[in-house]
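Q: Mind folding the following:
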Amino acid sequence: MKSKSKYACGVDIGGSHVTAALIEIASNSIVKGSVNRSRIDASKTADEIVKDWTLIIKQALSAVDEKKSVNVGIAMPGPFDYEAGISYIKGQHKYEAFYNVNVKDLLAEALKQPAHTITFANDAACFLQGEVAGGIAMGLENVLGFTLGTGLGSAWFNNGIAEDADLWHSPFLNGIAEDYLSTRWFVNRYSELAGKPIADVKEIAEIYLFDENARIVFDEFGISFGTFIRKTMANEDIDMVVLGGNIAQALPLFKNGMDMVLSDILPAPVIQQSVLGEHAALLGAVSINTLITAL
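A: Predicted structure coming up:
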């Protein structure tokens with residue numbers, strides 16, 4: 001059912017945070033002053049987590065005096081039955097209380113609005129949808145997206161909507177793709193080379209200029225990522241590859257290794273960093289919500 005409001009609420013759910021913003025649908029833009037973000041304890045009970053989410057969503061909605069029902073589009077990590085709104089996240093130290101629970105119904109009850117006005121979509125798909133709707137890939141028809149961070153997110157955009165590509169567990173090298181293309185790999189590989197622990201990718205990036213081990217790690221990551229892109233793009237007609245997530249912010253540090261692997265592909269793949277950042281998922285979640293609820 002199509003919403004009568006000119007606004008919708010975009011929500012980005014992470015393992016430790018929730019962000020919500022009010023989106024003006026016609027212009028696909030975030031309403032000024034409506035972005036609200038809060039840390040979340042994902043180990044709480046289902047009711048407690050929904051209460052925390054609801055608070056942030058209502059804060060976003062308060063940016064305008066809107067009396068009509070506002071649709072809510074939510075970018076959510078998986079595994080998750082996005083159509084039904086049921087979570088199957090288990091063994092990831094987050095949202096365990098939601099396992100096999102209809103999260104959509106719980107949230108609809110908390111927000112006091114019909115469940116059909118709330119949609120869930122894969123977080124990587126929402127990121128890519130946002131970049132196509134109003135970011136670096138605007139107007140393109142076939143786009144591949146990756147979110148590089150704690151895990152490896154991936155999405156394909158074609159036929160007007162982005163969908164989860166589910167590439168994280170693809171066979172790659174001596175394991176699966178996420179083994180080599182995630183924060184965990186960076187931290188473990190640097191510690192192996194340097195013989196000392198390090199906190200995260202940001203810390204490795206900060207010592208890049210004067211630490212040879214940091215440079216080796218970024219070069220190796222670039223080569224691995226380039227190899228994976230090459231494998232994924234084989235026999236596919238791709239207009240652009242869009243990169244998001246925290247690791248993507250260090251693109252200049254691993255670009256040489258990546259380009260070395262991709263240099264002989266003609267035409268050369270167009271690889272771009274997200275321009276919308278964290279707002280991409282918010283805009284994409286609303287874009288997907290608008291498409292789904294209009295059917």
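Q: so where's the chain shaky on pLDDT?
A: Low-confidence segments of the chain (pLDDT under 70): 1-3, 66-68, 295.
Q: Point me to the residue sitting farthest from the middle of it.
A: G195 (32.3 Å; CA atoms, centre = their mean).
Q: can you pull the contacts of that residue?
A: When the contact criterion is CB atoms under 8 Å, 6 or more residues apart in numbering, G195 has no partners at all. Quick note: C-beta positions are derived from backbone N, CA and C, even for glycine.
Q: if you set the cut-off to 10 Å instead, what comes out?
A: Residues near G195 by CB atoms under 10 Å, 6 or more residues apart in numbering: N213.
Q: mind checking how far it is from I216?
A: 13 Å (CB to CB, to the nearest Å).
Q: ok, now how distant is the residue farthest from the centre of the chain from M240?
A: Distance, G195 to M240, by CB to CB: 40 Å.
Q: try G145
A: Distance from G145 to M240, by CB to CB: 9 Å.
Q: of the two, who's got more company?
A: G145 (30 against 19; other CB atoms under 10 Å).
Q: give me phi/psi at the more buried one?
A: For G145, the backbone dihedrals are phi -130, psi 140 (criterion: degrees, to the nearest 10).
Q: how close does it get to K202?
A: Per CB to CB, G145 is found 22 Å from K202.
Q: What of N289?
A: Going from N289 to K202 by CB to CB gives 32 Å.
Q: These two: who's more crowded?
A: N289 (27 against 14).
Q: ok, that one - contacts?
A: 3, 8-11, 23, 25, 71-74, 117-121, 126.
Q: what residues go with each domain of the chain?
A: Domain segmentation of the chain under automatic domain parsing yields 7-127+279-293, 140-273.
Q: How far off centre is the longest one?
A: Average the C-alpha atoms of domain 7-127+279-293, do the same for its chain, and the two points are 13 Å apart (CA atoms, centre = their mean, to the nearest Å).
Q: next one: stretch 255-269
A: With CA atoms, centre = their mean as the basis, stretch 255-269 stands 24 Å off its chain's centre.
Q: Please apply the same query to stretch 137-156.
A: Worked out by CA atoms, centre = their mean, stretch 137-156 lies 8 Å from the chain centre.
Q: and the end-to-end length of that stretch?
A: Stretch 137-156 has an end-to-end distance of 12 Å (CA to CA, to the nearest Å).
Q: Same question for it: list its buried residues.
A: Residues of stretch 137-156 classed as buried: 137, 140, 143-156 (neighbour count, 16 or more other CB atoms under 10 Å).
Q: now swap in stretch 282-295 and tell me
A: L282, L283, G284, A285, V286, S287, I288, N289, T290, I292, T293.
Q: end to end, how far does stretch 128-148 reach?
A: Start to finish, the residues bounding stretch 128-148 are 13 Å apart (CA to CA).
Q: Let me fix that, I meant to ask about stretch 131-143.
A: 10 Å.
Q: With stretch 132-141 instead?
A: With CA to CA applied, stretch 132-141 spans 8 Å between its terminal residues.
Q: can you give me the strands for the stretch 51-200 of the chain?
A: Counting by DSSP state E, counting those that start in this stretch, the stretch 51-200 of the chain has strands at residues 71-76, 80-81, 86-87, 118-122, 143-148, 152-158, 161-164, 171-172, 175-176.
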